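1. predicted model follows, preceded by the sequence.
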Amino acid sequence: MTVLVGNESAAAVWRVTALVLAFHAIWIGSYLAAGHEARDFIKIGTQFEGASRASEVIKVDPHYIPPRNRDAPQGTGYDGQFSYYMALDFTHARYYMDEPAYRYRRLLYPVVARAAALGEPSRAPVAMIAINWLALGGCALALAAWLRRRACSPWSALLVGLYPGLLLALQRDLTEPLAYALVAAGMYLFRYGGRGRLLWAGLVFGLAGLARETTIVFPLCLLGAILISRDPATPAGGRLRANAAGAAAFGALAILPIVAYTGILYAWLGTVGRGPFFEWLPFEGLIASRNWELERQPVVLISVVAPSMIVAGAALAALRRGMRRVELACLLANILLFVLLLGRGVYGGGYTSVGRVTTGVILAAVLCIPSLRDLSPRAGRALAVAYVLWLSMLPVIAVYGFGG
């Protein structure tokens, strides 16, 4: 892993950001030039769009035929449509959803889209694309700046900026780009935000949780790090008492918003969403797939599971050497939850589901580069293989997006 120093590394941060923005802008432009329009990103499902007359703005346009989502029967669309309905009419969108309490949990993206569109329904599709495009650039910027501050190559941020799972989210107006851009910003602020770092990082992580609840893994790990920080020679009880106030403030900002909002949803809708997201045994969700779903799993095994296991091994090796970094905890926690224990409902969706849900794994892996760079040359080669495997689906997803 190359180390950049001085002015060259500062310029590299912006070059990385520009490259990520340019790559995704080219894809967006190519998609539109191929005869598509902004609404095609949403993957509207007519069976949901026409399910009610409660809203004056959510309704079927007889002059528009939405593209078929190749992963579902005609008329069902994909998840981005529910963010779109919330952006159009937040209160009445529940009448146009399959699982309102689950869909409403991802609040931030549609709210920002509505604000960016200035409340004008016709501008919402463009706003949703623009938000995700800028979020991908912002995520790369935060990670590149973080790596530079740790004397590592900012170019490693391309692993996340060009991650196929995030390109897929851009193609379908999904919540991951905004959510994980906020995670990257939160991690930077937590480490380099100055005297107010816990305040600013907590606020950003609180927003990330409202964008996508799976991001809460990161602030939970940071909360633990805050509680046990300071001189290791200090007794554990003393450290906990000394750090309790800071931890409580950070937790209130970073974790309480999604907890409180979930309570509001329960009071409003009577439930908090769908059933179990995780399994009890490692890879139970993967091996419990039905026959037709098993056909999708080789891609997932190669491009998600294998690289995750490689970096998990490297992280465990670093821990055995006495390395104690919160980034390692973030990585292992994400792998445990979103690879080992991930539910069959997600694994059954193949890469289009798993690739997105595991975004936190590759983001944490990039954050761990400073901690893993001094392992053996053999470990370095294994990590390089993992990074290649993670990006291996990029050309496939770039083409895949044109087909539905």
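-> Sure, I can see it.
2. any idea how far Ile28 is from Ala22?
-> 11 Å (C-beta to C-beta, to the nearest Å). Heads up, the C-betas are built off the backbone N, CA and C, glycines and all.
3. tell me which of these two has more neighbours.
-> Higher neighbour count among Ile28 and Ala22: Ile28, with 20 against 11, using other C-beta atoms under 10 Å.
4. my guess is the more buried one contacts Asn132, does it?
-> No. If you go by C-beta atoms under 8 Å, Ile28 and Asn132 don't touch, sitting 9.5 Å apart.
5. got any residues that touch both of those two?
-> Shared contacts of Ile28 and Asn132 (C-beta atoms under 8 Å, 6 or more residues apart in numbering): Leu170.
6. let me see the backbone angles for Leu223.
-> The phi/psi pair for Leu223 (degrees, to the nearest 10) reads phi -60, psi -40.
7. isn't it right up against Leu253?
-> No. Counting by C-beta under 8 Å, Leu223 does not reach Leu253; the two are 10.7 Å apart.
8. and Phe218, what are its phi and psi?
-> Main-chain torsions, Phe218, degrees, to the nearest 10: phi -70, psi -50.
9. any idea how many residues pack against it?
-> 31.
10. so it makes contact with Val183?
-> Yes. Counting by C-beta under 8 Å, Phe218 does reach Val183; the two are 5.3 Å apart.
11. list residues touching both of those two?
-> Phe205, Ala208, Gly360.
12. most surrounded residue in those residues?
-> Phe205 (31 neighbours).
13. which residues touch the residue nearest to that residue when sequence neighbours are not counted?
-> Excluding its sequence neighbours, the residue lying closest to Phe205 (C-beta to C-beta, 6 or more residues apart in numbering) is Ala254, at 3.7 Å. Contacts for Ala254 (C-beta under 8 Å, 6+ apart) come out as Gly186, Ala201, Gly202, Leu203, Phe205, Gly206, Gly209, Pro219, Leu222, Leu223.
14. name the nearest residue to Leu21, sequence neighbours excluded.
-> Here the residue nearest Leu21, using C-beta to C-beta, 6+ apart, is Gly137, at 4.2 Å.
15. that neighbour: which element?
-> helix 124-149 (DSSP states H and E).
16. any weak-confidence spans in this protein?
-> For the chain, the stretches with pLDDT under 70 are 1-8, 71, 230-241, 275-276, 290-294, 404.
17. the closest residue to Ser303 other than its chain neighbours: neighbour count?
-> The spatially closest residue to Ser303, leaving aside those adjacent along the chain, is Met393, at 4.9 Å (C-beta to C-beta, 6+ apart). Using other C-beta under 10 Å, Met393 has 22 neighbouring residues.
18. break the protein into its domains for me.
-> The record's domain parsing of the chain by automatic domain parsing lists 1-275, 277-404.
19. alright, that wraps it up for me.
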